[in-house]
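**Q** sequence? don't have it. structure:
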(Lines give C-alpha, C1' and ligand atoms only; values in the text may rest on other atoms or scores of the structure.)
Protein backbone atom coordinates (compact mmCIF):
# COMPACT_ATOMS: atom_id res chain seq x y z
CA UNK A 1 0.00 0.00 0.00
CA UNK A 2 2.78 2.32 0.97
CA UNK A 3 4.67 1.52 -2.21
CA UNK A 4 1.57 2.18 -4.26
CA UNK A 5 1.16 5.55 -2.59
CA UNK A 6 4.75 6.48 -3.31
CA UNK A 7 4.38 5.54 -6.96
CA UNK A 8 1.19 7.56 -7.17
CA UNK A 9 2.87 10.59 -5.63
CA UNK A 10 5.82 10.32 -8.00
CA UNK A 11 3.39 10.24 -10.89
CA UNK A 12 1.50 13.25 -9.53
CA UNK A 13 4.74 15.25 -9.52
CA UNK A 14 5.42 14.29 -13.13
CA UNK A 15 1.89 15.27 -14.18
CA UNK A 16 2.31 18.59 -12.37
CA UNK A 17 5.37 19.34 -14.47
CA UNK A 18 3.66 18.35 -17.73
CA UNK A 19 0.74 20.61 -16.87
CA UNK A 20 3.10 23.46 -16.06
CA UNK A 21 4.89 23.12 -19.41
CA UNK A 22 1.66 23.03 -21.41
CA UNK A 23 0.14 25.89 -19.41
CA UNK A 24 3.16 28.08 -20.22
CA UNK A 25 3.01 27.07 -23.90
CA UNK A 26 -0.66 28.01 -23.95
CA UNK A 27 -0.04 31.31 -22.16
CA UNK A 28 2.54 32.35 -24.74
CA UNK A 29 0.29 31.12 -27.59
CA UNK A 30 -2.31 33.60 -26.30
CA UNK A 31 -0.18 36.67 -26.97
CA UNK A 32 -0.63 36.97 -30.73
CA UNK A 33 -4.40 36.48 -30.75
CA UNK A 34 -4.74 39.05 -27.93
CA UNK A 35 -2.77 41.83 -29.66
CA UNK A 36 -3.96 41.13 -33.19
CA UNK A 37 -7.54 40.63 -32.00
CA UNK A 38 -7.45 43.98 -30.13
CA UNK A 39 -8.40 42.08 -26.98
CA UNK A 40 -7.03 44.24 -24.13
CA UNK A 41 -8.58 42.17 -21.32
CA UNK A 42 -6.99 38.98 -22.66
CA UNK A 43 -3.64 40.75 -22.93
CA UNK A 44 -3.84 42.16 -19.37
CA UNK A 45 -4.72 38.71 -18.01
CA UNK A 46 -1.49 37.22 -19.36
CA UNK A 47 0.72 39.37 -17.14
CA UNK A 48 1.14 39.33 -13.35
CA UNK A 49 -0.22 42.46 -11.66
CA UNK A 50 3.26 43.98 -11.48
CA UNK A 51 4.68 42.22 -14.53
CA UNK A 52 6.86 44.09 -17.01
CA UNK A 53 7.49 44.17 -20.75
CA UNK A 54 10.78 45.54 -22.02
CA UNK A 55 11.05 45.75 -25.80
CA UNK A 56 14.11 47.91 -25.95
CA UNK A 57 12.43 51.22 -26.80
CA UNK A 58 12.16 53.62 -23.86
CA UNK A 59 11.42 52.42 -20.33
CA UNK A 60 9.90 48.94 -19.79
CA UNK A 61 6.13 48.87 -19.40
CA UNK A 62 5.25 48.15 -15.76
CA UNK A 63 2.03 46.48 -14.69
CA UNK A 64 -0.60 44.58 -16.61
CA UNK A 65 -2.62 47.69 -17.46
CA UNK A 66 0.42 49.35 -19.02
CA UNK A 67 1.08 46.22 -21.08
CA UNK A 68 -2.55 46.07 -22.21
CA UNK A 69 -2.15 49.69 -23.34
CA UNK A 70 0.11 48.46 -26.15
CA UNK A 71 -3.00 47.85 -28.17
CA UNK A 72 -3.75 51.58 -28.29
CA UNK A 73 -0.30 52.75 -29.41
CA UNK A 74 -0.24 54.55 -32.75
CA UNK A 75 2.38 52.09 -34.00
CA UNK A 76 0.09 49.15 -33.19
CA UNK A 77 -2.95 50.82 -34.78
CA UNK A 78 -0.92 51.36 -37.96
CA UNK A 79 -0.02 47.66 -38.04
CA UNK A 80 -3.65 46.67 -37.43
CA UNK A 81 -4.96 48.92 -40.21
CA UNK A 82 -2.51 47.43 -42.71
CA UNK A 83 -3.17 43.86 -41.51
CA UNK A 84 -0.73 42.20 -39.10
CA UNK A 85 0.15 38.95 -37.38
CA UNK A 86 2.29 38.62 -34.25
CA UNK A 87 3.61 35.09 -34.74
CA UNK A 88 5.50 33.50 -31.84
CA UNK A 89 7.50 30.28 -32.00
CA UNK A 90 7.18 27.34 -29.62
CA UNK A 91 9.24 28.28 -26.56
CA UNK A 92 12.02 26.32 -24.91
CA UNK A 93 10.83 26.18 -21.27
CA UNK A 94 12.76 25.65 -18.03
CA UNK A 95 10.65 25.27 -14.87
CA UNK A 96 12.09 25.79 -11.41
CA UNK A 97 9.40 25.38 -8.76
CA UNK A 98 7.06 28.37 -8.92
CA UNK A 99 9.00 30.26 -11.57
CA UNK A 100 10.00 29.45 -15.12
CA UNK A 101 11.94 30.87 -18.06
CA UNK A 102 10.84 30.54 -21.69
CA UNK A 103 12.93 31.48 -24.73
CA UNK A 104 11.43 31.97 -28.17
CA UNK A 105 11.16 34.09 -31.31
CA UNK A 106 8.47 36.63 -32.15
CA UNK A 107 7.79 38.14 -35.53
CA UNK A 108 5.41 40.83 -36.70
CA UNK A 109 4.22 40.23 -40.25
CA UNK A 110 2.58 43.25 -41.92
CA UNK A 111 0.63 43.28 -45.16
CA UNK A 112 2.18 45.22 -48.02
CA UNK A 113 2.00 45.17 -51.78
CA UNK A 114 3.55 41.75 -52.19
CA UNK A 115 2.09 39.70 -49.36
CA UNK A 116 3.19 40.07 -45.73
CA UNK A 117 6.76 40.93 -44.68
CA UNK A 118 8.43 40.49 -41.30
CA UNK A 119 8.67 44.05 -40.00
CA UNK A 120 10.09 42.84 -36.67
CA UNK A 121 11.93 39.62 -35.78
CA UNK A 122 13.10 39.37 -32.21
CA UNK A 123 14.37 37.13 -29.44
CA UNK A 124 12.34 36.84 -26.25
CA UNK A 125 13.11 35.85 -22.70
CA UNK A 126 9.92 35.34 -20.70
CA UNK A 127 10.06 35.04 -16.92
CA UNK A 128 6.94 33.40 -15.57
CA UNK A 129 5.47 32.97 -12.13
CA UNK A 130 2.89 30.58 -10.72
CA UNK A 131 -0.03 32.50 -9.17
CA UNK A 132 -3.40 31.46 -7.73
CA UNK A 133 -4.81 32.35 -11.19
CA UNK A 134 -2.30 30.17 -13.02
CA UNK A 135 1.02 30.97 -14.70
CA UNK A 136 1.52 34.65 -15.50
CA UNK A 137 4.28 36.71 -17.15
CA UNK A 138 6.46 38.44 -14.55
CA UNK A 139 8.75 39.91 -17.20
CA UNK A 140 9.22 39.74 -20.95
CA UNK A 141 12.35 41.04 -22.64
CA UNK A 142 12.32 41.39 -26.42
CA UNK A 143 15.24 42.48 -28.62
CA UNK A 144 15.41 42.66 -32.41
CA UNK A 145 17.71 40.17 -34.13
CA UNK A 146 19.53 42.89 -36.04
CA UNK A 147 23.10 41.69 -35.69
CA UNK A 148 23.74 43.23 -32.28
CA UNK A 149 24.63 41.18 -29.22
CA UNK A 150 21.57 42.10 -27.13
CA UNK A 151 19.22 39.60 -28.76
CA UNK A 152 21.82 36.83 -29.00
CA UNK A 153 22.40 37.11 -25.26
CA UNK A 154 18.68 36.60 -24.58
CA UNK A 155 18.73 33.42 -26.69
CA UNK A 156 21.61 31.98 -24.65
CA UNK A 157 20.04 32.78 -21.28
CA UNK A 158 18.47 30.10 -19.05
CA UNK B 1 -7.68 2.30 -0.32
CA UNK B 2 -10.63 4.42 -1.25
CA UNK B 3 -8.57 7.57 -0.96
CA UNK B 4 -5.89 6.06 -3.16
CA UNK B 5 -8.49 5.20 -5.78
CA UNK B 6 -9.84 8.73 -5.74
CA UNK B 7 -6.38 10.19 -6.19
CA UNK B 8 -5.71 7.80 -9.05
CA UNK B 9 -8.95 8.76 -10.75
CA UNK B 10 -8.21 12.46 -10.37
CA UNK B 11 -4.83 11.88 -11.96
CA UNK B 12 -6.40 9.89 -14.80
CA UNK B 13 -8.63 12.84 -15.60
CA UNK B 14 -5.64 15.19 -15.68
CA UNK B 15 -3.71 12.83 -17.96
CA UNK B 16 -6.75 12.61 -20.25
CA UNK B 17 -6.70 16.39 -20.64
CA UNK B 18 -2.95 16.50 -21.31
CA UNK B 19 -3.35 13.82 -23.96
CA UNK B 20 -6.22 15.74 -25.56
CA UNK B 21 -4.17 18.93 -25.76
CA UNK B 22 -1.15 17.21 -27.30
CA UNK B 23 -3.32 15.21 -29.70
CA UNK B 24 -4.88 18.43 -30.99
CA UNK B 25 -1.46 20.09 -31.30
CA UNK B 26 -0.25 17.09 -33.28
CA UNK B 27 -3.35 17.07 -35.48
CA UNK B 28 -2.82 20.71 -36.44
CA UNK B 29 0.93 20.13 -36.92
CA UNK B 30 -0.04 17.53 -39.54
CA UNK B 31 -1.73 20.03 -41.86
CA UNK B 32 1.35 21.62 -43.45
CA UNK B 33 3.17 18.36 -44.17
CA UNK B 34 -0.04 16.91 -45.70
CA UNK B 35 -0.68 19.78 -48.13
CA UNK B 36 2.96 20.52 -48.98
CA UNK B 37 3.74 16.79 -49.27
CA UNK B 38 0.77 16.29 -51.66
CA UNK B 39 -0.52 13.65 -49.26
CA UNK B 40 -4.30 13.58 -49.87
CA UNK B 41 -4.99 10.58 -47.62
CA UNK B 42 -3.24 12.27 -44.66
CA UNK B 43 -5.22 15.45 -45.33
CA UNK B 44 -8.56 13.62 -45.54
CA UNK B 45 -7.81 11.79 -42.29
CA UNK B 46 -7.48 15.06 -40.38
CA UNK B 47 -11.11 16.03 -40.92
CA UNK B 48 -14.29 14.44 -39.56
CA UNK B 49 -16.40 12.77 -42.26
CA UNK B 50 -18.67 15.79 -42.51
CA UNK B 51 -16.09 18.38 -41.45
CA UNK B 52 -15.84 21.72 -43.24
CA UNK B 53 -13.16 24.19 -44.29
CA UNK B 54 -14.13 27.79 -44.92
CA UNK B 55 -11.31 29.97 -46.21
CA UNK B 56 -13.41 32.91 -47.26
CA UNK B 57 -13.42 32.29 -51.00
CA UNK B 58 -16.68 30.80 -52.32
CA UNK B 59 -18.65 28.22 -50.37
CA UNK B 60 -16.96 26.29 -47.54
CA UNK B 61 -15.66 22.86 -48.51
CA UNK B 62 -17.87 20.15 -46.99
CA UNK B 63 -16.65 16.66 -46.13
CA UNK B 64 -13.17 15.23 -45.85
CA UNK B 65 -12.98 14.29 -49.53
CA UNK B 66 -13.73 17.87 -50.57
CA UNK B 67 -11.03 19.13 -48.20
CA UNK B 68 -8.51 16.61 -49.54
CA UNK B 69 -9.33 17.93 -53.02
CA UNK B 70 -7.52 21.17 -52.11
CA UNK B 71 -4.32 19.49 -53.16
CA UNK B 72 -5.50 19.33 -56.78
CA UNK B 73 -6.57 22.96 -57.11
CA UNK B 74 -4.69 24.94 -59.76
CA UNK B 75 -3.76 27.52 -57.14
CA UNK B 76 -2.18 24.85 -54.95
CA UNK B 77 -0.34 23.26 -57.87
CA UNK B 78 1.11 26.69 -58.74
CA UNK B 79 2.36 27.07 -55.16
CA UNK B 80 3.85 23.57 -55.20
CA UNK B 81 5.66 24.13 -58.49
CA UNK B 82 7.25 27.33 -57.18
CA UNK B 83 8.10 25.75 -53.81
CA UNK B 84 5.84 26.41 -50.83
CA UNK B 85 5.48 25.92 -47.08
CA UNK B 86 2.20 26.09 -45.14
CA UNK B 87 3.54 27.06 -41.72
CA UNK B 88 1.10 27.00 -38.79
CA UNK B 89 1.74 28.42 -35.33
CA UNK B 90 1.22 26.60 -32.04
CA UNK B 91 -2.50 26.88 -31.30
CA UNK B 92 -4.18 28.19 -28.16
CA UNK B 93 -6.51 25.30 -27.26
CA UNK B 94 -9.69 25.20 -25.17
CA UNK B 95 -11.15 21.75 -24.49
CA UNK B 96 -14.75 21.25 -23.42
CA UNK B 97 -15.54 17.56 -23.05
CA UNK B 98 -15.68 15.98 -26.49
CA UNK B 99 -15.21 19.19 -28.43
CA UNK B 100 -12.45 21.78 -28.52
CA UNK B 101 -11.54 25.10 -30.13
CA UNK B 102 -8.03 25.99 -31.29
CA UNK B 103 -6.89 29.43 -32.47
CA UNK B 104 -3.71 29.98 -34.45
CA UNK B 105 -1.99 31.61 -37.43
CA UNK B 106 -1.26 30.04 -40.79
CA UNK B 107 1.08 31.38 -43.42
CA UNK B 108 1.89 30.25 -46.94
CA UNK B 109 5.49 30.99 -47.89
CA UNK B 110 6.23 30.79 -51.62
CA UNK B 111 9.64 30.81 -53.27
CA UNK B 112 10.43 33.81 -55.44
CA UNK B 113 13.54 35.59 -56.63
CA UNK B 114 14.66 36.73 -53.20
CA UNK B 115 13.88 33.81 -50.91
CA UNK B 116 10.36 32.92 -49.77
CA UNK B 117 7.64 35.50 -49.13
CA UNK B 118 4.42 35.14 -47.15
CA UNK B 119 1.77 35.08 -49.86
CA UNK B 120 -0.98 34.44 -47.29
CA UNK B 121 -1.10 35.18 -43.56
CA UNK B 122 -4.34 34.29 -41.84
CA UNK B 123 -6.14 33.71 -38.58
CA UNK B 124 -7.71 30.32 -37.94
CA UNK B 125 -10.45 29.02 -35.71
CA UNK B 126 -10.46 25.24 -35.59
CA UNK B 127 -13.42 23.39 -34.09
CA UNK B 128 -12.48 19.85 -33.15
CA UNK B 129 -14.41 16.79 -32.14
CA UNK B 130 -13.42 13.60 -30.35
CA UNK B 131 -14.22 10.54 -32.47
CA UNK B 132 -13.50 6.82 -32.13
CA UNK B 133 -10.50 7.49 -34.44
CA UNK B 134 -9.19 10.34 -32.29
CA UNK B 135 -9.60 14.11 -32.51
CA UNK B 136 -10.74 15.35 -35.92
CA UNK B 137 -11.49 18.78 -37.44
CA UNK B 138 -15.22 19.48 -37.51
CA UNK B 139 -14.71 22.96 -38.96
CA UNK B 140 -11.84 25.26 -39.82
CA UNK B 141 -12.38 28.94 -40.56
CA UNK B 142 -9.51 30.90 -42.08
CA UNK B 143 -9.44 34.62 -42.85
CA UNK B 144 -6.57 36.75 -44.16
CA UNK B 145 -5.12 39.31 -41.75
CA UNK B 146 -5.53 42.14 -44.23
CA UNK B 147 -6.83 44.85 -41.95
CA UNK B 148 -10.47 43.82 -42.07
CA UNK B 149 -12.44 42.78 -38.99
CA UNK B 150 -13.18 39.21 -40.11
CA UNK B 151 -9.82 37.77 -39.09
CA UNK B 152 -9.56 39.79 -35.88
CA UNK B 153 -12.91 38.39 -34.78
CA UNK B 154 -11.64 34.82 -35.24
CA UNK B 155 -8.63 35.60 -33.04
CA UNK B 156 -10.89 36.84 -30.22
CA UNK B 157 -13.23 33.86 -30.36
CA UNK B 158 -13.19 31.06 -27.77
CA UNK C 1 -5.12 -3.85 -4.84
CA UNK C 2 -4.06 -5.66 -7.95
CA UNK C 3 -6.51 -3.71 -10.05
CA UNK C 4 -5.23 -0.44 -8.58
CA UNK C 5 -1.68 -1.40 -9.44
CA UNK C 6 -2.67 -2.19 -13.01
CA UNK C 7 -4.41 1.14 -13.41
CA UNK C 8 -1.38 2.92 -11.96
CA UNK C 9 0.95 1.14 -14.36
CA UNK C 10 -1.27 1.97 -17.33
CA UNK C 11 -1.17 5.60 -16.28
CA UNK C 12 2.60 5.52 -15.88
CA UNK C 13 2.93 4.34 -19.46
CA UNK C 14 0.72 7.18 -20.69
CA UNK C 15 2.74 9.74 -18.71
CA UNK C 16 5.95 8.30 -20.17
CA UNK C 17 4.62 8.97 -23.66
CA UNK C 18 3.51 12.51 -22.83
CA UNK C 19 6.95 13.23 -21.37
CA UNK C 20 8.62 11.82 -24.48
CA UNK C 21 6.54 14.03 -26.78
CA UNK C 22 7.23 17.20 -24.80
CA UNK C 23 10.92 16.36 -24.42
CA UNK C 24 11.24 16.05 -28.20
CA UNK C 25 9.32 19.30 -28.73
CA UNK C 26 11.67 21.02 -26.29
CA UNK C 27 14.75 19.52 -27.91
CA UNK C 28 13.74 20.86 -31.32
CA UNK C 29 12.78 24.23 -29.80
CA UNK C 30 16.40 24.46 -28.59
CA UNK C 31 17.90 24.50 -32.08
CA UNK C 32 17.18 28.10 -33.06
CA UNK C 33 18.38 29.67 -29.80
CA UNK C 34 21.57 27.56 -29.96
CA UNK C 35 22.57 28.58 -33.50
CA UNK C 36 21.38 32.20 -33.32
CA UNK C 37 22.87 32.58 -29.83
CA UNK C 38 26.26 31.23 -31.04
CA UNK C 39 26.00 28.60 -28.31
CA UNK C 40 28.13 25.71 -29.60
CA UNK C 41 27.90 23.61 -26.42
CA UNK C 42 24.09 23.78 -26.47
CA UNK C 43 24.08 22.79 -30.14
CA UNK C 44 26.47 19.85 -29.60
CA UNK C 45 24.34 18.61 -26.70
CA UNK C 46 21.27 18.28 -28.93
CA UNK C 47 22.84 15.58 -31.09
CA UNK C 48 23.78 11.99 -30.21
CA UNK C 49 27.55 11.40 -30.21
CA UNK C 50 27.42 9.93 -33.70
CA UNK C 51 24.38 11.87 -34.89
CA UNK C 52 24.27 13.38 -38.38
CA UNK C 53 22.91 16.48 -40.10
CA UNK C 54 22.31 16.37 -43.84
CA UNK C 55 21.21 19.69 -45.35
CA UNK C 56 21.70 18.75 -48.95
CA UNK C 57 24.96 20.61 -49.58
CA UNK C 58 28.02 18.34 -49.66
CA UNK C 59 28.38 15.37 -47.34
CA UNK C 60 26.24 15.14 -44.18
CA UNK C 61 27.91 16.37 -41.00
CA UNK C 62 28.80 13.39 -38.80
CA UNK C 63 29.09 13.61 -35.00
CA UNK C 64 28.00 16.26 -32.55
CA UNK C 65 31.24 18.22 -32.81
CA UNK C 66 30.87 18.51 -36.58
CA UNK C 67 27.30 19.73 -36.15
CA UNK C 68 28.37 22.28 -33.54
CA UNK C 69 30.93 23.52 -36.06
CA UNK C 70 28.06 24.95 -38.12
CA UNK C 71 28.26 28.02 -35.96
CA UNK C 72 31.71 28.86 -37.31
CA UNK C 73 30.89 28.53 -41.02
CA UNK C 74 31.36 31.70 -43.04
CA UNK C 75 27.76 31.44 -44.25
CA UNK C 76 26.48 31.36 -40.66
CA UNK C 77 28.71 34.26 -39.60
CA UNK C 78 27.32 36.32 -42.49
CA UNK C 79 23.77 35.58 -41.33
CA UNK C 80 24.67 36.48 -37.74
CA UNK C 81 26.28 39.78 -38.72
CA UNK C 82 23.20 40.82 -40.69
CA UNK C 83 20.81 39.63 -37.95
CA UNK C 84 19.12 36.25 -38.29
CA UNK C 85 16.50 33.97 -36.79
CA UNK C 86 16.27 30.20 -37.33
CA UNK C 87 12.56 29.69 -36.73
CA UNK C 88 11.27 26.11 -36.51
CA UNK C 89 7.64 25.03 -36.50
CA UNK C 90 6.01 22.70 -33.98
CA UNK C 91 6.88 19.18 -35.16
CA UNK C 92 4.53 16.28 -35.87
CA UNK C 93 6.03 13.52 -33.70
CA UNK C 94 5.75 9.73 -33.93
CA UNK C 95 7.31 7.76 -31.06
CA UNK C 96 8.20 4.07 -31.39
CA UNK C 97 9.81 2.80 -28.20
CA UNK C 98 13.28 4.28 -27.91
CA UNK C 99 13.27 6.05 -31.26
CA UNK C 100 11.07 8.72 -32.77
CA UNK C 101 10.55 10.70 -35.97
CA UNK C 102 9.61 14.38 -36.06
CA UNK C 103 8.59 16.33 -39.17
CA UNK C 104 8.58 20.11 -39.30
CA UNK C 105 9.55 23.28 -41.16
CA UNK C 106 12.58 25.46 -40.59
CA UNK C 107 13.12 28.96 -41.90
CA UNK C 108 16.06 31.32 -41.73
CA UNK C 109 14.96 34.96 -41.59
CA UNK C 110 17.72 37.48 -42.35
CA UNK C 111 17.58 41.23 -41.84
CA UNK C 112 17.69 43.36 -44.97
CA UNK C 113 16.55 46.81 -45.98
CA UNK C 114 12.85 46.13 -45.59
CA UNK C 115 12.61 43.98 -42.48
CA UNK C 116 13.57 40.29 -42.42
CA UNK C 117 13.11 37.94 -45.37
CA UNK C 118 13.07 34.13 -45.41
CA UNK C 119 16.39 33.26 -47.04
CA UNK C 120 15.78 29.53 -46.49
CA UNK C 121 12.54 27.60 -46.03
CA UNK C 122 12.93 23.87 -45.70
CA UNK C 123 11.33 20.58 -44.69
CA UNK C 124 12.93 18.54 -41.93
CA UNK C 125 12.86 14.92 -40.92
CA UNK C 126 14.39 14.43 -37.47
CA UNK C 127 15.23 10.92 -36.25
CA UNK C 128 15.59 10.85 -32.49
CA UNK C 129 16.90 8.35 -30.01
CA UNK C 130 16.41 7.92 -26.28
CA UNK C 131 19.77 7.97 -24.46
CA UNK C 132 20.76 8.01 -20.78
CA UNK C 133 21.04 11.81 -21.18
CA UNK C 134 17.57 12.14 -22.67
CA UNK C 135 16.31 12.33 -26.25
CA UNK C 136 18.98 13.25 -28.80
CA UNK C 137 19.05 13.78 -32.57
CA UNK C 138 20.39 10.72 -34.38
CA UNK C 139 19.86 12.28 -37.81
CA UNK C 140 18.35 15.43 -39.26
CA UNK C 141 17.60 15.76 -42.96
CA UNK C 142 16.75 19.21 -44.31
CA UNK C 143 15.75 20.06 -47.87
CA UNK C 144 14.67 23.42 -49.30
CA UNK C 145 11.05 23.71 -50.40
CA UNK C 146 12.00 24.96 -53.86
CA UNK C 147 9.57 22.97 -55.98
CA UNK C 148 11.67 19.81 -56.22
CA UNK C 149 10.49 16.46 -54.91
CA UNK C 150 13.21 15.99 -52.28
CA UNK C 151 11.58 18.17 -49.63
CA UNK C 152 8.04 16.97 -50.36
CA UNK C 153 9.20 13.39 -49.79
CA UNK C 154 10.54 14.31 -46.34
CA UNK C 155 7.16 15.83 -45.42
CA UNK C 156 5.34 12.61 -46.34
CA UNK C 157 7.74 10.35 -44.44
CA UNK C 158 6.84 8.68 -41.12
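**A** Ah, there it is. Nothing here was measured: the structure is a model prediction, and the numbers come from that model.
**Q** Does residue A:42 touch residue A:32 like I think?
**A** No. Under the criterion of C-beta atoms under 8 Å, residue A:42 makes no contact with residue A:32, lying 10.8 Å away. In this view, the C-beta of every residue, glycine as well, is placed from N, C-alpha and C.
**Q** So between these two, which is more surrounded?
**A** The residue with more neighbours, out of residue A:42 and residue A:32, is residue A:32; 25 against 20, by other C-beta atoms under 10 Å in any protein chain shown.
**Q** so which strand or helix has the residue most central in space within chain A?
**A** Nearest residue to the geometric centre of chain A (C-alpha atoms, centre = their mean): residue A:28, 4.2 Å. For residue A:28, the element it lies in under DSSP states H and E is helix A:2-29.
**Q** and that helix, what does it pack onto?
**A** strand A:92-96, strand A:99-112, strand A:115-131, strand A:134-144, helix B:2-29, strand B:92-96, helix C:2-29 (3 or more C-beta pairs under 8 Å, 6 or more residues apart in numbering or on different chains; DSSP states H and E).
**Q** Show me how far it is from its chain's centre.
**A** Between the centre of helix A:2-29 and the centre of its chain there are 22 Å (C-alpha atoms, centre = their mean, to the nearest Å).
**Q** looking only at pLDDT, what's the mean for the helix or strand following it?
**A** Downstream of helix A:2-29, the first helix or strand assigned by DSSP H and E is helix A:31-36. Mean pLDDT, helix A:31-36: 98.
**Q** residue in chain A nearest to chain B?
**A** residue A:37 (3.4 Å; C-beta to the nearest C-beta).
**Q** what number of residues lie near that residue?
**A** Residue A:37: 21 surrounding residues under other C-beta under 10 Å.
**Q** got a list of what the nearest residue in space to it that is not next to it in sequence touches?
**A** Take residue A:37 and drop its neighbours on the chain: the residue closest to it by C-beta to C-beta, 6 or more residues apart in numbering or on different chains is residue B:155, 3.4 Å away. Remark: with contacts taken as C-beta atoms under 8 Å, 6 or more residues apart in numbering or on different chains, residue B:155 is in contact with A:32, A:33, A:34, A:36, A:37, A:39, B:103, B:123.
**Q** Give me the buried entries from those.
**A** Among these, those buried by neighbour count (16 or more other C-beta atoms under 10 Å in any protein chain shown) are A:32, A:33, A:34, A:36, A:37, A:39, B:103, B:123.
**Q** interface residues of chain A facing chain B?
**A** By the rule C-beta under 8 Å from any C-beta of the partner chain, the part of chain A lying against chain B is A:1, A:4-5, A:8, A:11-12, A:15, A:18-19, A:22, A:25-26, A:29-30, A:32-34, A:36-39, A:42, A:80-85, A:87-90, A:109, A:111, A:114-118.
**Q** out of those residues, which are buried?
**A** Buried among those (16+ other C-beta under 10 Å): A:8, A:11, A:15, A:18-19, A:22, A:25-26, A:29-30, A:32-34, A:36-39, A:42, A:80, A:83-85, A:87-90, A:109, A:111, A:115-118.
**Q** what about stretch A:77-87, near chain C?
**A** No. On the criterion C-beta under 8 Å from any C-beta, stretch A:77-87 is out of touch with chain C, staying 8.6 Å away.
**Q** what comes into contact with that stretch?
**A** Residues outside stretch A:77-87 that contact it (C-beta under 8 Å, 6+ apart) are A:31-32, A:35-36, A:38, A:106-112, A:116, A:119, B:89, B:105, B:107, B:121, B:123, B:144-148, B:151-152.
**Q** change it to 6 Å
**A** A:32, A:35-36, A:107-111, B:89, B:105, B:121, B:145-147 (C-beta atoms under 6 Å, 6 or more residues apart in numbering or on different chains).
**Q** would you turn those into JSON lines with distance to chain C?
**A** As requested, these are exported to JSON lines (distance: C-beta to the nearest C-beta, whole Å):
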{"residue": "A:32", "distance to chain C": "14"}
{"residue": "A:35", "distance to chain C": "18"}
{"residue": "A:36", "distance to chain C": "17"}
{"residue": "A:107", "distance to chain C": "7"}
{"residue": "A:108", "distance to chain C": "9"}
{"residue": "A:109", "distance to chain C": "9"}
{"residue": "A:110", "distance to chain C": "8"}
{"residue": "A:111", "distance to chain C": "12"}
{"residue": "B:89", "distance to chain C": "8"}
{"residue": "B:105", "distance to chain C": "11"}
{"residue": "B:121", "distance to chain C": "13"}
{"residue": "B:145", "distance to chain C": "16"}
{"residue": "B:146", "distance to chain C": "18"}
{"residue": "B:147", "distance to chain C": "18"}
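**Q** does whichever residue of chain A sits closest to chain C count as helix, strand or coil?
**A** Using C-beta to the nearest C-beta, the closest approach of chain A to chain C is made by residue A:155 at 3.4 Å. Under DSSP: H, G, I helix; E, B strand; the rest coil, residue A:155 falls in the helix class.
**Q** Tell me where chain A is predicted with low confidence.
**A** A:1 (pLDDT under 70).
**Q** ok, back up a step: okay, angle between the helix holding residue A:28 and strand A:134-144 too, please.
**A** Angle, helix A:2-29 to strand A:134-144, by axes from the mean of the first three to the mean of the last three C-alpha atoms, to 10 degrees: 40 degrees.
**Q** now do the same end-to-end measure for stretch A:64-74.
**A** 19 Å (C-alpha to C-alpha, to the nearest Å).
**Q** Going by neighbour count, which residues in it are buried?
**A** A:64, A:66, A:67, A:68, A:70, A:71.
**Q** gap between the helix or strand hosting residue A:78 and the chain center?
**A** Taking DSSP H and E as the criterion, residue A:78 maps to helix A:74-82. With C-alpha atoms, centre = their mean as the basis, helix A:74-82 stands 20 Å off its chain's centre.
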